[in-house]
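Novice: Following is a predicted model, sequence given first.
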Amino acid sequence: MNKQQCLQFLQDHHVAMDVVEHPAVFNMDEMHALHMPHDEQIAKNLFLRDDKKRHFYLVTVPGSHRVDMKQLRHCIGSRPLRFAPESDLERMLGLTQGSVTPLGLLNDGEHQVQFYLDAAFRDDWIGVHPMENTATVFLQANALLQLLQECGCPAEWLNWNEEGED
């Protein structure tokens, strides 16, 4: 699924959204430099795997959030986490580095990637790329999670404060 197909898919599923086209961006600093409206709702996406390369995760957090990998590991009940290579990102989600998005889970026909959406987005809007880093689509985070679940994607809220650390 490419950008146009993704936007059409969201329309076909009656997802309320606002799309902002922009130059390609590859990191959060470049994203913030665009001075887009609703900048605080733009998400940062981490494509991760465990140290045994058996489990893959997509974790979406607010763009300003720093992720402690040890804390994340405990929250999701994982082995030690590493960033997954771009080859796995392309193979599993059909995405390239800089274009990581939870919407890429729609390309994961085998549902190999577990998705965690930071509960900070619950009942609020979220800004994510529609398969390419040349646009940002703003939609309700609850609707995003529900849509992914309805499509069979293993997806759930990430509640940092509800989990204890060792």
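Specialist: Looks like it arrived, so ask away.
Novice: going forward, measure contacts between C-alpha atoms and count neighbours the same way
Specialist: Fine.
Novice: pretty sure residue 80 is touching residue 54, no?
Specialist: No: using C-alpha atoms under 8 Å as the test, residue 80 is too far from residue 54 to be in contact (11.4 Å).
Novice: how far away is the closest residue to residue 83 other than its chain neighbours from residue 122?
Specialist: Leaving aside its chain neighbours, residue 83 sits nearest to residue 48 (4.4 Å; criterion: C-alpha to C-alpha, 6 or more residues apart in numbering). Separation of residue 48 from residue 122 (C-alpha to C-alpha, to the nearest Å) stands at 22 Å.
Novice: Show me which of the two is the more surrounded one.
Specialist: Between residue 48 and residue 122, residue 48 has the larger neighbour count (other C-alpha atoms under 10 Å), namely 22 against 16.
Novice: Before we go further, the more buried one is sitting in a strand, right?
Specialist: Yes: counting by DSSP: H, G, I helix; E, B strand; the rest coil, residue 48 is located in a strand.
Novice: Name the nearest residue to residue 79, sequence neighbours excluded.
Specialist: In space, residue 79 is closest to residue 50, 5.6 Å off (C-alpha to C-alpha, 6+ apart).
Novice: Which strand residues bridge the one you found?
Specialist: residue 81 (DSSP bridges).
Novice: For it, list the residues it contacts.
Specialist: 56, 78-82 (C-alpha atoms under 8 Å, 6 or more residues apart in numbering).
Novice: So between residue 80 and residue 54, which is more surrounded?
Specialist: residue 80 (14 against 9).
Novice: For the chain, which segments count as strands?
Specialist: Shown for the chain, the strands assigned by DSSP state E span residues 17-21, 43-50, 56-62, 81-83, 113-118, 125-128, 135-140, 155-158.
Novice: Mind listing what's buried along the fourth one?
Specialist: Within strand 81-83, the residues that qualify as buried are 81-82, counting by 16 or more other C-alpha atoms under 10 Å.
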